[in-house]
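A.B. asks: pasting the structure only:
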């Protein structure tokens with residue numbers, strides 16, 4: 001994908017408009033395929049991490065945007081089951097040992113008006129109050 005867009009820019013610089021158009025289309029096709037494959041991979045990761053879990057969701061291993069989406073679905077499911085809380089496994093680190101999912105889910109949950117606390121027994125888990 002990146003190679004196509006790089007070559008497209010080079011073709012534009014040489015005023016090769018037809019070649020640039022072809023490379024753009026090829027790059028966009030690669031981008032769409034990458035998005036589809038990412039979505040499939042995220043679904044498999046989520047399913048694998050969350051087999052036989054009730055009132056608990058494991059979001060680690062996902063990208064932040066994916067984690068937010070699954071979080072929203074799980075919160076709604078827990079509310080539908082009239083659960084009082086939801087345990088959310090977010091892990092402790094991402095790239096460069098800097099947490100990404102944990103602060104994103106904390107901020108997102110708070111923006112939804114949810115009370116979220118770090119599990120005192122495991123700082124890689126959040127407890128979301130649904131009442």
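C.D. replies: Perfect, I can see it now. Only a predicted model underlies this, so the values are computations on that prediction, with no experimental measurement involved.
A.B. asks: only C-alpha atoms for contact and neighbour calcs from this point on.
C.D. replies: OK.
A.B. asks: what are the ranges of the helices in this structure?
C.D. replies: Assigned by DSSP state H, the chain shows helices spanning 2-13, 17-49, 64-80, 101-111.
A.B. asks: what residue ranges in this structure score low on pLDDT?
C.D. replies: Within the chain, the set of residues satisfying pLDDT under 70 comprises 93, 95.
A.B. asks: ok so, going back, which one of the helices of the chain is the most hemmed in?
C.D. replies: Stretch with highest mean neighbour count among these: helix 101-111 (a mean of 18; mean count of other Cα atoms under 10 Å).
A.B. asks: what's stretch 118-125 in contact with?
C.D. replies: 87-92, 102, 126-127 (Cα atoms under 8 Å, 6 or more residues apart in numbering).
A.B. asks: chain center to that stretch, what's the gap?
C.D. replies: Relative to its parent chain, stretch 118-125 has a centroid offset of 21 Å by Cα atoms, centre = their mean, to the nearest Å.
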